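Peer 1: Structure, please.
(chains A and B)
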Amino acid sequence: MKSIFLQANTAIWAVLALATGLSWYMGGDAALNIPAVLLLIAFFKARLVIMHFMEVNHAPLALRLAGEVWGVVCCTALIVLYSIA
Amino acid sequence: MDTTVREKHIPGEAGIWVFVLGDMFIFGLFFVTFAYYRGLDIELFRQSQLKLNQNWGALNTVLLLTSSWFVVVGMSAIRQGYRSMAGKCLSLAWLCGLGFSIVKFFEYGEKINDGITLETNDFFMYYYIFTGIHFLHLIIGMGVLAYMILRLRGNKVLSGDLALFESGATYWHMVDLLWIILFSILYLIK
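Peer 2: Have a look, this model is predicted:
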């Protein structure tokens, strides 16, 4: 029973919570409010959810690719749009 | 590591992935649309964002992340046949969803009391539409979780229902994942 709590996904949750705290702090500090960095943190978190919580890392290649492509395309498009704004 | 997860396994029904990937694509378009129009009037978007409470957004992010973790643990319990533990985990995930809803109602109420509506400006139009559509997804997800909890109360063999539980879990994680990006572009990046 213990093993269901002491699994790698519990550490993933802790990383996600810490990343949320870090981006919350950066979001509130004008000097640290760097769009590209905040976007990279957000999509890093999204990738953790897709690969680990949604178990896409154990899925066939097509589904893994779909998950990776979504993150890379959205993140790149947003970083470009925020950079040229 | 959950060793019960097989290699090369599609979690849930294939159909749920068509829906989830379609939804993620549509939200991707929402994110890009928002970033494009922000670029046309950065100052208006920045001033409007300052009226949002970043702390509520962060609290809701942690609530959804935690609910997702409860669902992950609940799924492990289902795979190992711990029916009662799975029910408790999914109920806690549902309560986190309820917490998100309460914060959202409070947040919307605060804005509406300040006279900020969908028609105030472009930023708030996107804010209400995107968070509103996401909220609708969350309400549906809470219904899905409630159905899963009720299903666990029966005597049916859990392994026979695994694809159904995995589909529900996948949908709930998508609700969490979309909020992560919304939180970042609506509340954080100024």
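Peer 1: For the rest of this, base every contact and every neighbour count on C-alpha atoms.
Peer 2: OK.
Peer 1: helices or strands next to whichever strand or helix holds residue A:67 in the packing?
Peer 2: For residue A:67, the enclosing helix or strand under DSSP states H and E is helix A:61-84. The helices and strands touching helix A:61-84, judged by 3 or more Cα pairs under 8 Å, 6 or more residues apart in numbering or on different chains; DSSP states H and E, are helix A:35-48, helix B:14-40.
Peer 1: from the chain's centre, how far out does the first one sit?
Peer 2: In other words, helix A:35-48. Put simply, helix A:35-48 sits 5 Å off its chain's centre (Cα atoms, centre = their mean, to the nearest Å).
Peer 1: what's it in contact with?
Peer 2: The contact list for helix A:35-48 (Cα atoms under 8 Å, 6 or more residues apart in numbering or on different chains) reads A:12, A:16, A:19, A:23, A:26-27, A:67-68, A:71, A:75, A:78-79, A:82-83, B:177-178, B:180-181, B:184-185, B:188-190.
Peer 1: Now restrict those residues to buried residues only.
Peer 2: Among the contacts of helix A:35-48, those buried by neighbour count (16 or more other Cα atoms under 10 Å in any protein chain shown) are A:12, A:16, A:19, A:23, A:26-27, A:67, A:71, A:75, A:78-79, A:82, B:177-178, B:180-181, B:184-185, B:188-190.
Peer 1: Tell me which residue of chain A is furthest from the middle?
Peer 2: Summary for chain A: using Cα atoms, centre = their mean, the residue whose C-alpha lies farthest from the chain's mean C-alpha position is residue A:1, with a distance of 28.8 Å.
Peer 1: ok, that one - contacts?
Peer 2: residue B:77.
Peer 1: for residue B:114, what are its contacts?
Peer 2: If a contact means Cα under 8 Å, 6+ apart, then residue B:114 has no contacts.
Peer 1: again, only this time at 10 Å
Peer 2: Neighbouring residues of residue B:114 by Cα atoms under 10 Å, 6 or more residues apart in numbering or on different chains: B:51, B:108.
Peer 1: How about residue B:99?
Peer 2: Applying Cα under 10 Å, 6+ apart to residue B:99 gives the contacts B:59, B:60, B:63, B:64, B:93, B:105.
Peer 1: Counting by contacts, list what the helix or strand hosting residue B:74 packs against.
Peer 2: According to DSSP H and E, residue B:74 maps onto helix B:54-79. The contact analysis (3 or more Cα pairs under 10 Å, 6 or more residues apart in numbering or on different chains; DSSP states H and E) places helix B:54-79 against helix A:8-27, helix B:83-113, helix B:122-153, helix B:162-182.
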